[in-house]
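**Q** heads up, no residue letters with this:
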């Protein structure tokens, strides 16, 4: 379970932890903004909602993830050569997948 203050030796360790947590809990994560290699945001893969565009033309339906502006995120910061969970919001605004094998694992 993620908690503010949890420490990781490398960014890869933090990334792996966040992705495994997401997979076990029925959602997927994407890497968000990265500030000068000092701070990285992980977001729920449904965090971004695309604006709907109706052109009147029929388009092939793609297998894309429908965004819901989900607020779930975890922020890690580099402090003294270690990566720390600096902040997080673990709430989702959508249903989670019941089977971890059905999540998209990045």
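**A** Perfect, thanks for sending it. Just so we're clear, the structure is a prediction, and the values are computed from it rather than from any experiment.
**Q** residue 91: neighbouring residues, count only.
**A** Summarising burial for residue 91: neighbours were counted as other Cβ atoms under 10 Å, giving 10. C-beta: built from backbone N, CA, C; applies to glycine.
**Q** for it, what are its contacts?
**A** Shown here is residue 91, whose contacts under the criterion Cβ atoms under 8 Å, 6 or more residues apart in numbering are 71, 72.
**Q** Three-state assignment for it, please.
**A** coil (DSSP: H, G, I helix; E, B strand; the rest coil).
**Q** look up phi and psi at it.
**A** Comment: the main-chain dihedrals of residue 91 come out as phi -90, psi 140, following degrees, to the nearest 10.
**Q** mind checking how far it is from residue 27?
**A** Distance, residue 91 to residue 27, using Cβ to Cβ, to the nearest Å: 12 Å.
**Q** same check, this time on residue 82
**A** As it turns out, when the distance is counted by Cβ to Cβ, residue 82 lies 26 Å from residue 27.
**Q** any idea which helix or strand comes after the worst-scoring helix or strand of the chain on mean pLDDT?
**A** Between all helices and strands in the chain, the lowest mean by mean pLDDT, DSSP states H and E belongs to strand 29-35, at a mean of 78. For strand 29-35, the succeeding helix or strand toward the C-terminus, using DSSP states H and E, is strand 39-44.
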